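Asker: 3D model of this:
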Amino acid sequence: MAPLADAQQNTGERREQRGERLERQGERRENRGERLEKQGERREQRGERMEKQGERMQDRADELKKHGKTEEAKRLEKAGERREDRGEQMQRQGERRQNRGERMQRQGERRQDRGERMQQK
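Answerer: Numbers count the residues shown, from 1 in each chain. Coordinates of the predicted model:
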């Protein structure tokens, strides 16, 4: 009977350790998700700023065209378009990063809950 009791005790300890490990992993995943979400917000804001800069550059190019400076206007217009495109791209990346962060947070919470349940058994 003693070996069976030892085996059950070992199983219980392993289950408890696994529960603790899952709980820690869940916490880390949740924290990482929060960081990703914040990064996504910042990236999205930066993209919006870049897009506005690009629009302003194109407006400036239009002003230069009115004054007959076509070469400078072309260069500035192209640069403005590139900046605007890059801004849009950053916005999309930011949105995706935010979504990924939210998903990771939810996964982390679920993993933590699962770890707590395992420890209670």
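Asker: only C-alpha atoms for contact and neighbour calcs from this point on.
Answerer: Will do.
Asker: what helix or strand is the residue lying closest to E77 once chain neighbours are set aside on?
Answerer: What sits nearest to E77 in space, not counting adjacent residues and going by Cα to Cα, 6 or more residues apart in numbering, is Q58, at 4.8 Å. Per DSSP states H and E: Q58 is located in helix 2-66.
Asker: which stretches of the protein aren't confidently modelled?
Answerer: 1-7, 121 (pLDDT under 70).
Asker: got a list of what R29 touches?
Answerer: M104, Q105, Q107, G108 (Cα atoms under 8 Å, 6 or more residues apart in numbering).
Asker: So for stretch 62-74, first residue to last residue, what's the gap.
Answerer: Its first and final residues considered, stretch 62-74 spans 9 Å by Cα to Cα, to the nearest Å.
Asker: and Q91, how many neighbours?
Answerer: 24 (other Cα atoms under 10 Å).
Asker: Same check on D59?
Answerer: 16.
Asker: quick one on the thing from earlier: looking at it, the residue nearest to E77 is touching K74, isn't it?
Answerer: No: here Q58 lies out of contact with K74, judged by Cα atoms under 8 Å, at a distance of 9.2 Å.
Asker: Just the CA coordinates for stretch 105-121, please, in CSV.
Answerer: Coordinates of each C-alpha in stretch 105-121 appear next as CSV, following Å, rounded to 0.1, in the frame of the first residue of the first chain:
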residue,chain,number,x,y,z
GLN,A,105,-4.0,38.8,-22.6
ARG,A,106,-7.0,36.7,-22.9
GLN,A,107,-4.9,33.6,-23.4
GLY,A,108,-2.8,34.5,-20.4
GLU,A,109,-5.9,34.9,-18.2
ARG,A,110,-7.2,31.5,-19.4
ARG,A,111,-3.9,29.9,-18.7
GLN,A,112,-3.7,31.4,-15.2
ASP,A,113,-7.2,30.2,-14.5
ARG,A,114,-6.3,26.7,-15.7
GLY,A,115,-3.2,26.7,-13.5
GLU,A,116,-5.3,27.7,-10.4
ARG,A,117,-7.8,25.0,-11.1
MET,A,118,-5.0,22.4,-11.4
GLN,A,119,-3.6,23.4,-8.1
GLN,A,120,-7.0,23.1,-6.4
LYS,A,121,-7.5,19.5,-7.6
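Asker: Right, I'll leave it there.
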